[in-house]
Every structure is written in structure tokens, then in C-alpha cells.
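Enquirer: Just the structure for this:
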Amino acid sequence: MTLSRRDRSALMIGGILLLVFAVVQLVLFPLLDKRKRLEKTITTRAREVQEMQAMQQQYDQLHEKSNSLEKQLSKRTAGFSLFSFLEKMATQNMIKDHIAYMKPSSVTGEGMLKQVLVEMKIQTLGLKQLVAFLEHIESPENVVAVKRISIQENKKVKGTLDVIIQVISIDRQGEK
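Expert: As a prediction, this is how the structure comes out:
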């Protein structure tokens with residue numbers, strides 16, 4: 001069976017079209033899809049790298065703060081105790097007789113540091129005495145700060161205050 005020239009041409013054109021269709025479907029489209037996926041992956045990874053760099057900067061800042069806190073703690077006098085410090089400041093400010101109670105507590109945190117808290121109740125205290133005492137206990141060099149303060153007017157002695165103060169500090173784990 002011999003095919004006419006016209007049939008051979010039609011068959012050849014059909015074969016070429018089928019071959020082009022197969023190449024497009026089996027090679028070109030998968031390559032284009034893969035390229036799109038790779039571009040998306042590159043975009044995603046670039047965003048992830050930026051996020052990681054931002055996290056690295058935050059980590060470096062936190063690490064620097066931690067190191068500065070560690071430096072402050074190392075500059076503090078050996079055997080520093082928040083309770084003793086507050087007693088000393090109360091004695092210096094002549095308000096020791098006004099202290100109703102001092103309750104120490106510590107919160108163990110994760111890592112090398114822990115928070116130490118002392119709650120004090122001071123009764124029949126003058127405003128000037130309170131301000132002077134607060135100025136003396138707020139001590140960045142000793143890493144001591146007032147966490148919370150509650151002030152009420154004393155009902156029994158006019159012109160005086162009753163104060164509850166929570167004072168906080170940071171210590172290394174294992175120190176007292």
C-alpha cells in the first residue's frame with residue numbers, strides 16, 4: 001500500500017504536530033512548572049533568611065543586655081542581699097522603726113539568673129521620708145528597683161502614710 005504524496009505530507013505534518021505536542025506536554029510544561037515552584041521557593045527562603053537575620057539581631061541585643069546585666073551584677077559588692085540592703089537603707093533614712101514587716105521571696109527563673117523580691121509594709125511615714133527612702137533604694141548599680149508601691153493615708157496619725165512596697169532585684173542562681 002503506497003500513500004500518495006498528499007497523504008504522506010498530511011501524515012508527516014500530523015506526526016510532527018504530535019511530536020511537538022508531546023514535547024510541549026511532557027517536557028516544556030513540566031519545566032515551566034518546576035521553574036515557578038523554584039521561584040516561589042527562592043522567594044520563601046529569602047523571606048525566611050530575612051526573618052532569621054532579624055531574629056539574630058534580636059538575639060544579639062538580648063545577649064548584649066544580658067551581658068550588661070551580668071557586668072552590673074559582677075560590680076555589685078560580694079554577698080549582696082536585697083533584704084540586708086533594704087534594712088541598711090531603712091536605718092540610714094531613720095525609718096526602721098516604722099517598718100511593720102519585710103517578707104523576702106525569690107522566683108527561680110530559667111537560666112543563670114533569678115528574681116529576688118522583698119515586700120515591705122511601712123506605717124506612719126512622712127512624705128519626705130518616703131521620697132528620700134525611695135531615692136536611696138532605687139539603685140541601678142545594685143540592680144534594685146521598685147516593682148510595685150501602694151500608698152494610703154494613715155487614719156490614726158494625721159499627715160502620715162502607710163506604704164506597701166515591693167522591691168525587686170536580680171541575682172545569679174545559687175547566690176543568696
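Enquirer: Secondary structure of S106: a helix, I assume?
Expert: No - read with DSSP: H, G, I helix; E, B strand; the rest coil, S106 is strand and lies in no helix.
Enquirer: Now do the contacts for it.
Expert: 114-117, 171 (C-beta atoms under 8 Å, 6 or more residues apart in numbering). To be clear about C-beta, it is placed using only N, CA and C from the backbone, and glycine gets the same treatment.
Enquirer: how about the spatially most central residue of the chain, phi and psi?
Expert: Most central in the chain under C-alpha atoms, centre = their mean is L62, positioned 7.3 Å from the mean C-alpha point. Main-chain torsions, L62, degrees, to the nearest 10: phi -60, psi -40.
Enquirer: Would you quantify the distance from it to S74?
Expert: 19 Å (C-beta to C-beta, to the nearest Å).
Enquirer: Same question for F83.
Expert: The value you get for F83 to S74, if C-beta to C-beta is used, is 21 Å.
Enquirer: And those two? Which one has more around it.
Expert: A direct count of neighbours by other C-beta atoms under 10 Å for F83 and S74 places F83 higher, at 16 against 9.
Enquirer: How is that one assigned, secondary-structure-wise?
Expert: helix.
Enquirer: Ignoring the adjacent residues along the chain, who's closest to it?
Expert: The shortest distance from F83 to any non-neighbouring residue, by C-beta to C-beta, 6 or more residues apart in numbering, is to P104 (4.9 Å).
Enquirer: And for L11?
Expert: Nearest one to L11, counting by C-beta to C-beta, 6+ apart, is L3 at 6.9 Å.
Enquirer: Quick check: that neighbour touching A10?
Expert: No - in this structure, L3 is not within contact of A10 by C-beta atoms under 8 Å, at 9.0 Å.
Enquirer: May I have the strands that pair with the helix-or-strand element of the chain with minimal mean pLDDT, each with its orientation?
Expert: When the helices and strands of the chain are scored by mean pLDDT, DSSP states H and E, strand 99-108 comes last with a mean of 85. Strand 99-108 sits in its sheet next to strand 113-125 (antiparallel), going by DSSP bridges.
Enquirer: Against which helices or strands is whatever helix or strand comes next after the strand it pairs with packed?
Expert: Going down the chain from strand 113-125, the next helix or strand is helix 127-137, by DSSP states H and E. Here helix 127-137 touches helix 82-92, strand 113-125, strand 144-153, strand 161-172, going by 3 or more C-beta pairs under 8 Å, 6 or more residues apart in numbering; DSSP states H and E.
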